[in-house]
Structures are given as structure tokens and as C-alpha cells.
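Colleague: pasting the structure only:
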């Protein structure tokens, strides 16, 4: 069961549900390991694929189209899904349905309003036969969602954000999945870093919340080839920028444009950069009283900041009441806050120079912090 998929391991037990793995870790004292499938372990990481990223994604798209009677693309207007949609259009591959999911919080839905819907209208003649579904939650939908213990519902799901996300839509508002249907989600981006002049890539578990959902294909990690090609392209680009920034590009909102550019996300269409709708100036903070204790909540992304700035107190109260028992386990979460996700497991790191696979502690003795790592002396 576990050989062919990513999973968590605690002691001798294996899990596809991160909350259960986290609780097992608390109860036993064993650490949580993030384990790759066998084909990622046996893969030769020292030689990048000869094919370019577009070709590899195209081959995967064709394979899915041939294997399923119904293909649904989840499209946000962001650069990841925009790139995949453009491949479908360029090669005239049939899409049965395109879904845009709006959280119901207008400022947080800016990508869909300013890019996705206008682009679908612009390309409507090329999308004949495709059903276009714009799912927009209402205030009551959000209230209903926060009445559920959603972290117990789905394997791999470890998001507790105020703003409902894609898995919410799939299981509660889109009537998904359907028989013999594949849902294409356009994730994840590649993560890379340089240490002692050797380059590494890794696929952390915080990018994998949709991986365990039935009938979902995360297109950019559908094969080691795709992820490797993406990582190699990113490294080629990172090498062209200031050396002191090499290990700060991936996973950093401040360098998102370089991250996208390095993986060809701006290659086949106009330069789609998210508008800066907030001046974050540090971080957005909001103090709430939770379990009779004041808690300073911190948000880092524009979309989550927008959520907090727009929703009313009743929604916030429902959200915090639903998670009240999680605050007793706050040491399991980033910054001690359940809405900031369970503390991530970066898993193994793949040396792209030698092909060796290491536990991340082989390089990081004092915690996993690639952004603090020196790439080594310039050659």
C-alpha cells in the first residue's frame, strides 16, 4: 500500500493522514518522517530529463485524457494553472470542465476576478464544449464549513485557514469526484537549495494536502521526470541572480516572481503577476481571545490577509470555536497557530549533482532552514 505513494512514518507505523501521524508522534515521542514512493527513490536524480517541461506536462495530460472519460481542470488564473490551461489550448486537447473556485471573500478572489474569468471569456471560442463552472461560496457556506472538523475528514489535509480552499469545494460544493473522472490540480512548485556548491531538490509535505484526495492528479509532480525538469529549470534561472539570494527564492513570497519565472510559468502567455493589493509591511496581525487567552494571529499571504480584513466577527468566532481543541496541541503547528498548518516535514533531499538521496538532517543539523544556508564559495 505504501510503496507506491508518499506517506508519513512514526516509529514503525505508517500514515496517509497527517493529523493521525502528529498525534502518534505526541503519544510515542517518535519523530515524523515524510517518506517518498519507491519510484522516487530508484529514480536517477543526477541526470535531468532530456525533454523540456512543456513536453513532459503535455505527455502527462495526453495520458490522463486517454485514461479517463472526463477531465476537469481546476483553474485559478495563477501562473501554475495558467500554464497548464495554455498547454491544453495550444495542443487542442479536450477539457470537459474548467472549475474556478471562489472563496466568497472578494479581496481574496482577485486572481479569478482579474485574470481567470477575463481569460476564459477571451478564449471562449477555443473552449467550446468545455463546461465553465464558477463556484462561489456564500457566507452561509463558509459558516457551514467551519462547523465541520475538516482536519479529520480528508487524508493529508492539514489546512485550517479561515478562507476555505480547494478541497472544500471538491467535496462539499462541486459534487466531486465523479466516476472515471480525473481532476487536474496545478501543483506543486519545485523547491531547491544549494549547499557547498551542490544543488538539491525536495518535495515537502506542506505541498501535498491534495495528494491523497481520490481522483486528483497534481500535474507538476505526476512523475519524478516532471518535478526534476522543473527543479533543473529553476536552478538554471536562480544561477542568473544575486548569489546571496539563491537559497531564498523557493517558498518565499518576496521572490515569487523569480520562482515562477524559473519554472517557465511566464513563458507562453502574458506576464501574469499577482497584483499587490496590500502593503504587508511585515505581517498582518490580529489579536483574538481564544480559550480565554489572547492570541496574536499572524498572516503572511495576501489572500489570507484579505480574508481577515473582510469577514465579520461571527465567522471568526465559528472558525475559532471549531478549532478550540487544537489550541491545546498548538506546539504541533507553525508559530503555535493551528491556522498556519501542521509543522512541515521536508522529507529527504535529492542531490542533483550526484543523484544521492539524504535525510535532510545530513545537511541541516539545527533545523531545516535553506534560506539561512550559504551556497558555498563562488567558483
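Modeller: That came through, no problem. If you're wondering where the values come from, they're calculated on a predicted model, not measured in any experiment.
Colleague: Pop the domain breakdown of the chain in here.
Modeller: If you go by automatic domain parsing, the domain ranges for the chain are 1-35, 37-379.
Colleague: what about residue 88, which helix or strand?
Modeller: Element membership for residue 88 (DSSP states H and E) is helix 79-90.
Colleague: thinking again about what came up before, okay, the domains of the chain in JSON lines with mean pLDDT next?
Modeller: Shown next, in JSON lines, are these (pLDDT from 0 to 100):
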{"stretch": "domain 1-35", "mean pLDDT": "88"}
{"stretch": "domain 37-379", "mean pLDDT": "82"}
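Colleague: other SSEs contacting the helix holding residue 88?
Modeller: Helices and strands touching helix 79-90, by 3 or more C-beta pairs under 8 Å, 6 or more residues apart in numbering; DSSP states H and E, are helix 53-67, strand 70-74. Backbone N, C-alpha and C define where each C-beta goes, glycine included.
Colleague: quick check, distance from the shortest one to the centre of its chain.
Modeller: Okay, so that is strand 70-74. How far strand 70-74 lies from its chain's middle: 18 Å, per C-alpha atoms, centre = their mean, to the nearest Å.
Colleague: Check what contacts that strand and list those residues.
Modeller: Strand 70-74 is contacted from outside by 64-65, 81, 84-85, 88, 94-101, 166, 176, 178, 180-186, using C-beta atoms under 8 Å, 6 or more residues apart in numbering.
Colleague: Nearest to residue 224, out of the helices and strands packed on helix 79-90?
Modeller: If you check each of the helices and strands packed on helix 79-90 against residue 224 by C-beta to C-beta, helix 53-67 wins as the nearest, at 10.4 Å.
Colleague: now for the closest one, which elements pack on it?
Modeller: Looks like helix 53-67 contacts helix 79-90, strand 181-185, helix 224-238 (3+ C-beta pairs under 8 Å, 6+ apart).
Colleague: my read: residue 39 touches residue 5, true?
Modeller: No - Residue 39 is beyond contact range of residue 5, at 10.0 Å (criterion: C-beta atoms under 8 Å).
Colleague: how close does the nearest residue to residue 248 once chain neighbours are set aside get to residue 356?
Modeller: In space, and not counting its chain neighbours, residue 248 is closest to residue 371: 4.9 Å by C-beta to C-beta, 6 or more residues apart in numbering. According to C-beta to C-beta, to the nearest Å, residue 371 stands 23 Å off from residue 356.
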